[in-house]
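Trainee: Sharing a model prediction with you, sequence too.
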Amino acid sequence: MLKIRIPMANLDESHNPKRVEEDRSVAIEAAVVRIMKARKQLSHQQLLAEVLSQLAFFKPNPKVIKRRIEALIDREYLERDPDVPNTYKYLA
């Protein structure tokens, strides 16, 4: 019988808190864009509820979701509705 040594995978890289936070930010932005692409216009509370229901594999903080929405507004994926406060429109 031949013994083969297989090195263990290094978990430090995949469980790095900074990398996890970055991956979660991307997941939040993707969920927001998917939802807004389907709905075209949505209030902040409805969008927050949809994002939280789609991202069931982790519980994002609403402040982080708000920051990601702001980043999408800066990159012109979304805009605030000038007529209705607390409402976002999908642009792209």
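Mentor: Perfect, I can see it now.
Trainee: Sketch out the strands for this structure, chain order is fine.
Mentor: With DSSP state E as the criterion, the chain has strands at 41-43, 78-80, 87-90.
Trainee: winner for burial among the ones you listed?
Mentor: strand 87-90 (a mean of 18; mean count of other Cβ atoms under 10 Å). All C-beta spots, glycine's among them, are computed from the backbone N, C-alpha and C.
Trainee: Rounded mean pLDDT for stretch 24-40, please.
Mentor: Stretch 24-40 shows a mean pLDDT of 94.
Trainee: Residues contacting that stretch, please?
Mentor: 42, 47, 50-51, 54-55, 58, 60, 64-65, 68-69, 71-72, 77-78, 88-90, 92 (Cβ atoms under 8 Å, 6 or more residues apart in numbering).
Trainee: Minimum distance to Asp23: which of the strands of the chain has it?
Mentor: strand 78-80 (21.2 Å; Cβ to Cβ).
Trainee: Measure how far the closest one is from the centre of its chain, please.
Mentor: 16 Å (Cα atoms, centre = their mean, to the nearest Å).
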